[in-house]
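Engineer: What follows is a predicted structure for the sequence shown.
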Amino acid sequence: MVSLTTERLLLRGSNEDDIDPLAAMNADPEVMRYIGDGSVSPLDRDRTAAGIARAQREWEERGFGMLSVVVRETGQFAGWVALTVPTFLPEILPAVEIGWRLSRRHWGVGYATEAAGALLRFGLIDCGLDRVVSIRHVDNLRSKRVMDKIGMRFGLETVVPAHGRPVAVHEITRADFDASEMTTRHV
């Protein structure tokens, strides 16, 4: 499993110290508003720990997965960012999805964009992925802004078969990412 650093963040493998803050974040109705079918289903400590163990296995099996987002200055757990296969939306497979979830107290300061940008670069460059998607509820404008900032483009609207909620799928290819990196370096 890798660790990535950005100007303000450490992205590292999840561990036992993350269970309680992650469970608290997942119990926040505003954080969970656009997740799944929209009904808040808090994950208790045991289910949260099982999720972290599953994320660790995903790293071993695929070479990518979930990383905890930690504020470097304070050491505070802020949330997570992940690369995963979106099996819940079979019509777009094969695909790798980038996603993120931050606690509310860490919203609005650019951490999601910073963390997602670093993990996107890791996926496209270090893992050699040709394309990465991101999926959001159509009303989740905060996530749309992050997707726009990391260079993703709108691809399509569809519904999640399991619960029928409308989602927008955004994407970026490695070629588009490489081109944007070249433009950024020459500005």
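Structural biologist: Thanks, I have the structure now.
Engineer: alpha carbons only for contacts and neighbour counts from here, please
Structural biologist: Fine.
Engineer: Show me the strands in this protein, by range?
Structural biologist: For the chain, applying DSSP state E gives strands covering 4-5, 9-12, 66-71, 77-84, 97-102, 131-137, 153-159, 166-173.
Engineer: orientation of the fourth one relative to strand 66-71 in degrees?
Structural biologist: Translated: strand 77-84. Interaxial angle, strand 77-84 versus strand 66-71 (axes from the mean of the first three to the mean of the last three CA atoms, to 10 degrees): 150 degrees.
Engineer: what packs against strand 77-84?
Structural biologist: In terms of contacts (3 or more CA pairs under 8 Å, 6 or more residues apart in numbering; DSSP states H and E), strand 77-84 is packed against helix 19-26, strand 66-71, strand 97-102, helix 111-121.
Engineer: The second one too?
Structural biologist: Using 3+ CA pairs under 8 Å, 6+ apart as the contact definition, the elements that strand 9-12 packs against are strand 4-5, strand 66-71, helix 111-121.
Engineer: go again using 7 Å as the cut-off
Structural biologist: Packing contacts for strand 9-12, counted by 3 or more CA pairs under 7 Å, 6 or more residues apart in numbering; DSSP states H and E, involve strand 4-5, strand 66-71.
Engineer: can you pull the buried residues of stretch 54-74?
Structural biologist: Within stretch 54-74, the residues scored as buried using 16 or more other CA atoms under 10 Å are 55, 56, 58, 59, 64, 65, 66, 67, 68, 69, 70, 71.
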